[in-house]
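*Asks:* Just need the structure, nothing else, for what follows:
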Amino acid sequence: MPEPTPTPDRALRALADSMTDSRARRPEDASDPGIPVAATVVILRDAARGPEVLLLERPDRGSFAGAWVFPGGKLEVDDRLAEDEPEEDAARRAGVRETSEESGLVLDPDALVTISCWDPPPGIALRIRTWFFAVSAPDAPLALAAEEAVAAEWVTPTDMLARHGRGEVTLYPPTWVTLHDLAGHADVSSVLATARLGGVRRFETVARRGADGPLLLWDGDAEYDPDAAAEASAARHRLEIGALPWRYTRIAR
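*Replies:* Residues are numbered from 1 along each chain as shown. I've put the predicted structure just below:
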């Protein structure tokens, strides 16, 4: 097997540059009211080679410049119906609004299935807590907003991951891991059923420097909590992003 090649990925550079300010997680980090909240919608359709997802290429500016992302964006004031409304409900509403603004697709908020919530490493410069939802694509044409997306593609998760592994596209870790999880499904119904049965996956992220470069850890990894008692465990839940192709490992205790 050939050795991974150094990555030119701007997502990696942005994370590596900010890792000097990363710190250990505290219990309150996952619900910190001081960081922005966003919503992302994974829109799926069935195709001959399995489910395809809609990905948008961001303009070459802004926080996610040039990256390929699912439609979505930050919550706005009007997305919340009440101060005590669950964050997930407001995020679902924001996801529908952002999808319409960016792609022209109109979604039924009741059809969105929550698949995950991503909380970034504490201490880094760009922190946005993001809810991910999945939904079957409506039968309607795309109408891209030029200021939000310069291109759009319906693509299988496997194909997009392969393109990223060759250094052809920019993906951020939540997008990459979501694509990785989608890759094994036979059709859209399987994706939605799995999400409903499995419940919301929470990715409360810790950033570390490993021997081969930056890596992201999640609960279930033996090295996730540096203050925990040392134990001989092969448990892993991590994404190694120091070189292409990225390597995702999940081994239960």
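*Asks:* if I look at the closest residue to V42 other than its chain neighbours, how far off is P174?
*Replies:* Of all residues not flanking V42 in the chain, A134 sits nearest, at 4.5 Å (CB to CB, 6 or more residues apart in numbering). The way it works is simple: take the backbone N, C-alpha and C, and place the C-beta from them, glycine included. A134 sits 13 Å away from P174, going by CB to CB, to the nearest Å.
*Asks:* a helix runs through the residue nearest to V42, doesn't it?
*Replies:* No - assessed with DSSP: H, G, I helix; E, B strand; the rest coil, A134 is strand; it does not lie in a helix.
*Asks:* count of neighbours near A67?
*Replies:* When neighbours are counted by other CB atoms under 10 Å, A67 registers 21.
*Asks:* Hmm, I typed the wrong one, I wanted A145.
*Replies:* 12.
*Asks:* Regarding it, what is its secondary structure?
*Replies:* On the basis of three-state DSSP, A145 is classed as coil.
*Asks:* Look up how far E153 lies from the spatially most central residue of the chain.
*Replies:* Geometric centre of the chain, nearest residue: P174, 2.2 Å, by CA atoms, centre = their mean. Using CB to CB, P174 is found at 18 Å from E153.
*Asks:* Now do stretch 166-185, average pLDDT.
*Replies:* Taken as a whole, stretch 166-185 has an average pLDDT of 96.
*Asks:* buried residues in it?
*Replies:* Going by neighbour count (16 or more other CB atoms under 10 Å), the buried part of stretch 166-185 is 169-182, 185.
*Asks:* Filter the residues you listed down to the ones in helices?
*Replies:* Among these, the members falling in helices (DSSP state H) are P173, P174, T175, W176, V177, T178, L179, H180, D181, L182.
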